[in-house]
Each structure stands twice: as C-alpha cells, then as structure tokens.
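# Let me see the structure of the following:
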Amino acid sequence: MFLEFCRTSESVFSDEFTHVIEFRDGGYAGKGWDEYDPKLGDIIWPIEEASWLRLTYNKEKFHQDAQRLVSFIDKKFNLNTPEKLLNDLVKFEVFTLSIRDNKDEVKSEDFEFDWKNFFINNGSVLKQIPKRYYYNNLVIENDPIMWGYKTIWYGRRSGNYKCQLQKLQEDVMPIKKSDKDESGSLFAHTTHSTMGP
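Numbering: from 1, shown residues only. Alright, predicted model coming up:
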C-alpha cells in the first residue's frame, strides 16, 4: 500500500522512496552501503536515520503528505474513517516527533481525541475528549546539523526523536457547545497488528 502511494503520488515519501531505491541499487552494484548527505553533516549515516531526517526536514510538508498517505490507505481499505479523526491522528503523530523547526521549551497542542489513552491501552476504544498534550522539547538546537546529531545520530538510543507516550502530559479541555452532541466513544479497529504511535 505504501509503495503504491509512493509510485502514484509525489510527496516527501515518494522522494525518499526514490532515494532509497537508488541507494539499494548502488549497494548491490558494489558502490557500498554508506549514506552520505552533506545537508545532514559530515558523517556516514545509517540509511534509516538519514531517511528520518529528510522526511521531517519540513514539518508542514511532512504533515500534509502524512495526511495524504493516511487518507490514501483509508480509502484503499474502504474504512470510511471520518476525516476529522484521521487529521487529528496525523496531527498527534507529528506532534510527538522531534521536529527541527520547533524551538519551544515545552511543546503543546490541542486534540479532539484521547490518543494517549487509546495507544497506551492497545487501541480498543478511542474517546472523543478534547485534550491538550504537552511535553518538554527533547532537542532544542539552532544549528540544523547539530540538531540531527542530537536527535537521531546519538540521540536515537535515548529516544530523542520522539516523545514516549508515558512522558506525555495532558489536560482535559472544556468541551465547546457545538461539540457536546458529538462527544463519545468510537470503536477503532486496527488494520494491522503493528498499528501504534
């Protein structure tokens, strides 16, 4: 499904997919398995770390393309998931990632669904409860190359690339009058055993 999306729609994912195919072909042709990208610093990267950095280089583009990818998968499986839910999910996933252009000491964002509880409790019931999630920014660095080093080069083992859900703080938001009739629980069925944050 992901490969079909990459082959039929231009996005940060298709760009990286093309790059990884060229990397793979070069490796099999005897050119080596070293990934060097001068935009990411003067080191040799594992391909998955370099890919992660390139994918998240532009938060807005990454967010938009992730929404398109999730919508594409939803349509392919005929899941008919409400767009509001899909958009909130993508927003949550992007929020939990360390993103280069966010320099706030505390990252915070408002959501329409209780994603933390949903993922921590194995994704059985998703409640539509307005939440504000926040956490201490894992990496604050002005230099983009140093940011990559701290986030994924030696920060990967310590998990600096993504907020762990157990460390995510939350506040329940007041329900707007227009949302009162919509609040409740949704039964979300995972499409794969690997679905998670």
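# would residue 133 count as being in a helix?
No. Counting by DSSP: H, G, I helix; E, B strand; the rest coil, residue 133 falls outside a helix, being strand.
# Correct me if wrong: it contacts residue 168.
Yes. With contacts counted by C-beta atoms under 8 Å, residue 133 reaches residue 168, the gap being 5.3 Å. C-betas here are computed from N, CA, C, even on glycine.
# any shared contact partners between those two?
Common contact partners of residue 133 and residue 168 (C-beta atoms under 8 Å, 6 or more residues apart in numbering): residue 116.
# what sits against residue 39?
In this structure, residue 39 makes contact with 54, 57, judged by C-beta under 8 Å, 6+ apart.
# what's the answer for the one 5 residues further on, then?
Residue 44 makes contact with 34, 35, 36 under the criterion C-beta under 8 Å, 6+ apart.
# now what about stretch 162-176, what contacts it?
Contacts of stretch 162-176 from elsewhere in the structure, counted by C-beta under 8 Å, 6+ apart, are 96-98, 107, 110, 116, 119-120, 129-135, 138, 183, 197.
# What are the boundaries of the strands in this protein?
106-111, 125-128, 131-136, 169-172, 184-187 (DSSP state E).
# Including mean pLDDT and distance to residue 53, could these go into a markdown table?
Formatted as a markdown table, those follow (pLDDT from 0 to 100; distance: least, C-beta to C-beta, whole Å):
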| stretch | mean pLDDT | distance to residue 53 |
| --- | --- | --- |
| strand 106-111 | 96 | 19 |
| strand 125-128 | 92 | 31 |
| strand 131-136 | 96 | 21 |
| strand 169-172 | 89 | 27 |
| strand 184-187 | 51 | 34 |
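# This completes my enquiry, with thanks.
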